[in-house]
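> Sequence and predicted structure, then a few things I'm wondering about:
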Amino acid sequence: LSLIATTISGSEDVGANPAYVCSFCVIALGLIEESAFQLHLQENLQSKCEGEPCKRAVEKLVLSLEAKAVPEELCRDMSLCTDECSLFSTWPVNPLPPKPIEWPVERRLDSTDLSILKPIFTDMVKDIQTDGVPTIGVIAAALSRLRNSEDYGNCGYNITCHIIAFVDGHLPLQDHDGDRFAVAEAKRFRGSDWRGYDCDDKLSDVYPGRMASSYDPSVDHNCNGIYGGNETGSYEEIFCSGTEQRGLIILGDSATAHFHIPPQWLTADGWNMDQLLPDAENELDFPMCSWGTGHVTPEECPYQYPIDGVSGVLSLYSQMRDRNRCNNNDFQNIGVNGARMTSSMKLVDSMGRDQTLDYPVLVWLALIGNDVCNGHPGYDHMTTPDEFYEHAMESLRAIDETVPAGSHVISLALFDGELLYSIMHAHQHPIGCSYEDIYDFMNCEEENPCWGWLNSDREVRLNTTRISNSLNDVYRKIEEEETFNNFKFIFYDPDWVELFSDYTGPMSDLIEPADGFHPSQTGNALFAKKFFEWMVESHPEAVGPVNPHNEEIDALFFSGR
C-alpha cells in the first residue's frame, strides 16, 4: 500500500522492477476487493498523502474498489501497469477462494530471539573504533566473525563481499568454531533447521558426522547423542561400530529446500502475514520439513494431508535415523532457491565433510527443474546437454575429492513438469483466478519461474520436456561410462506420473497452492516415502543395514523421542 500511495502522491520512481510492481498492485487490489479491507484503506493511504489532489485520488480509488472495479484497470490508471496483461479472466471473483486450512505454523506469529547475537556485536564494538566507520561496516565485520571461515574471512569492510559470503556460501550465519555447523538454538539463517546441530561450538573437531576423536567417551564428538560407556567400552563403540553409519547431504534447489509461501498471504478470507519474519530468515524455505531432511514435529511445518502409512514428518533423514540411530543428527540440506547444474559447484563447496576424519555419506544431487525453468521466453536460457555434462562432472569430481570412501551419490532426474500444468491449470488459485490465468499473467509480465512448463501453450511444454529428457540422458551416460574413487554413482529416474498416482487424494494436494509449482508438504512426504522405498529395494547398500542396537540406544538416550 505504501507503493500505491507513493504513486498516487505523484512520485514517478517506485524503485522496483516494473513487472513486479504491476503484479503486486493487481494482486493487492484484488485481495482488498475480495475482503473488507477497503473499509480501512482510505485512512491508511491518505495518511501518506501530501496535498488535496492525492487525497482526492485516494477517495476515487476506494470508491472504485467498493464498486468492484477490475484490479488491472485500476493499476493501469495509476500507471503501475503499462501493459495489457490480465490476471482475472472474470471479475468480480465468484465464488471466492475458501479460507486456507488453519495449522499452527501458519497461525502463530513467531520471531527469532536476536539476543543470541548480543555478545558478538558487543565484542565488535569493543574491538573496533567506530569513529568514521559506518554502522554497516561494524555489522559487516560482526558477520565476518560469525562466519569464521577462511574462504570468506578477508572481506574487511567490503559489504558486497559479506553479502556474497552469506548468500553464495550457504553456510550457517552463526558458527563460532568454523566447522560449518551451528548450535541447536540457531535454527534459521542456514542454522540447525538446515544442518545437524553442533553440540560444542567452541571445538572445531566436534560436529555431526565426525568419526575420528581424541576425546574420552564422555564427549559426544559426533553430536549423535550417544556418549559415555560401561566396563566393556564406549557406547559409541558398542552400539555403532560395524553398523555402517553414515550421513545424508542433499544438494539441490528450492524443491530440495521446500520453498513454501503460506496461502494465507494470498487469500482474502483469513488473510494474514504471520510468520513473515521467520520465513524470510529461512529464505521462504522449510528444510526442517522437507522430503530430504525433515526432522521436526508436524506443528512446525505447513499442513499435510493424510497419506497412507505416513505419520508425522517423513524424510529420507528421518527414515535413515529410524534404520540406524547412530545416524542421528548427521544431515545437511544445501538446497538453494534457483540453483541449477551450472551453479552446482557452489552447493558442493558448502558441504561440511572431511574425507579422512568423517563417516561416509549418502549425497543426493537433486536439481530437478531450473536447468529448463526460468522466466525468459524461449529456449535460449535453458541448459544444453553439453553444459549439463560439463558442470555435472565438475561437481561430481569435487564431491569425489570431499567425501570419505564408501559413500554414495544419487542424482535425481529432472521432474516431469507437464504434470504441474495438467494437475493444476483448471483449479482455483488462492487469489481467486485459475492457475492457468496466473501462469499466463506471469508469462505476460515475463516473471514466470518456469516459462517452459507453466504455460498454456502445449507445444512449449512438450519442447521443454524434450530438453529436460535430454538432460536426464546425460545422467544415464555418466552412470554408464564414468567411475569415481570414493563413491558409487546412481541415477534415479522415477516414473513421476506413477509416483503421484500412488496418492489417494486429489493430486492438487501434492503441489504448493501459492505458487502451483513446488511440492507441498504432502508432496514432500510422498517423495520421502517413495524415494526411500526405492533405495531399500534397489540400492540397500546406499542406506546401510538396520542397526540391531536401536532399542538399546533408544532406552539409554532417546526414550523421550
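Cool, the structure landed.

> roughly how far apart are the residue nearest to P18 when sequence neighbours are not counted and T464?
If the residues on either side of it in the chain are set aside, P18 comes closest to T82, at 7.0 Å by Cβ to Cβ, 6 or more residues apart in numbering. C-beta coordinates here come from the backbone N, C-alpha and C atoms, glycine included. Distance, T82 to T464, by Cβ to Cβ, to the nearest Å: 29 Å.

> Not counting sequence-adjacent ones, nearest residue to N374?
H381 (5.1 Å).

> And the one you found, how far from N327?
H381 is 39 Å from N327, by Cβ to Cβ.

> Compare neighbour counts for these two and give me the winner.
N327 (29 against 14; other Cβ atoms under 10 Å).

> Just the pLDDT at that one, thanks.
For N327, the pLDDT comes out at 98.

> what sits against it?
Listed by Cβ atoms under 8 Å, 6 or more residues apart in numbering, the contact set of N327 reads 224, 245-248, 317, 320-321.

> most neighbours, which of these?
Of the contacts of N327, Y317 is surrounded by the most neighbours, 30 neighbours in total, counting by other Cβ under 10 Å.

> Would you tell me what helix or strand it is located in?
helix 316-323 (DSSP states H and E).

> any weak-confidence spans in the chain?
1-17, 36-42, 44, 107-168, 560-561 (pLDDT under 70).

> would you list every one of the strands in it?
229-230, 233-234, 247-252, 331-335, 361-366, 407-412, 487-492 (DSSP state E).

> quick one, which of these is nearest to M345?
strand 247-252 (10.2 Å; Cβ to Cβ).

> What helices and strands are in contact with the closest one?
Applying 3 or more Cβ pairs under 8 Å, 6 or more residues apart in numbering; DSSP states H and E, we find strand 247-252 packed against helix 316-323, strand 331-335, helix 344-349, strand 361-366.

> got a list of contacts for it?
208-209, 256, 290, 292-293, 316-317, 320, 327, 330-336, 339, 344, 347-348, 351, 353, 358-368, 395, 412.

> In this structure R476 contacts F491, no?
Yes: R476 lies in contact with F491 (Cβ atoms under 8 Å); the separation is 6.0 Å.

> ok, these two, which is more surrounded?
When R476 and F491 are compared for neighbours, F491 comes out ahead with 18 against 13, by other Cβ under 10 Å.

> if I pick the closest residue to G309 other than its chain neighbours, what's in contact with it?
In this structure, G309 finds its nearest non-sequential neighbour in K529, 7.0 Å apart by Cβ to Cβ, 6+ apart. Each residue near K529 by Cβ under 8 Å, 6+ apart is listed here: 307, 309-310, 314.

> Output the residues you listed in a markdown table; the columns should cover neighbour count and distance to E390.
What follows is the contacts of K529, written out as a markdown table (neighbours: other Cβ atoms under 10 Å; distance: Cβ to Cβ, whole Å):
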| residue | neighbour count | distance to E390 |
| --- | --- | --- |
| I307 | 20 | 39 |
| G309 | 7 | 41 |
| V310 | 14 | 39 |
| L314 | 23 | 36 |
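
> Please identify which two of these are farthest apart in space.
G309 and L314 (9.2 Å).

> gap between the residue nearest to G309 and Y492?
Counting by Cβ to Cβ, the gap from K529 to Y492 is 14 Å.

> Quickly name whichever of the contacts of K529 is closest to E72.
Looking across the contacts of K529 and measuring by Cβ to Cβ, the closest to E72 is I307, at 39.1 Å.

> Contact partners for the closest residue in space to the closest one that isn't next to it in sequence?
Spatially, and ignoring its direct neighbours in sequence, I307 is nearest to A525 (5.5 Å; Cβ to Cβ, 6+ apart). A525 sits next to 291, 294, 304, 307, 310, 313-314 when contact means Cβ under 8 Å, 6+ apart.

> Let me have those residues in CSV, extended by distance to D200.
Output for the contacts of A525, formatted as CSV (distance: Cβ to Cβ, whole Å):
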residue, distance to D200
W291, 30
G294, 25
Q304, 34
I307, 38
V310, 35
V313, 27
L314, 30
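
> and of those, the nearest to D220?
Relative to D220, the closest of the contacts of A525 is G294; by Cβ to Cβ it sits at 22.9 Å.
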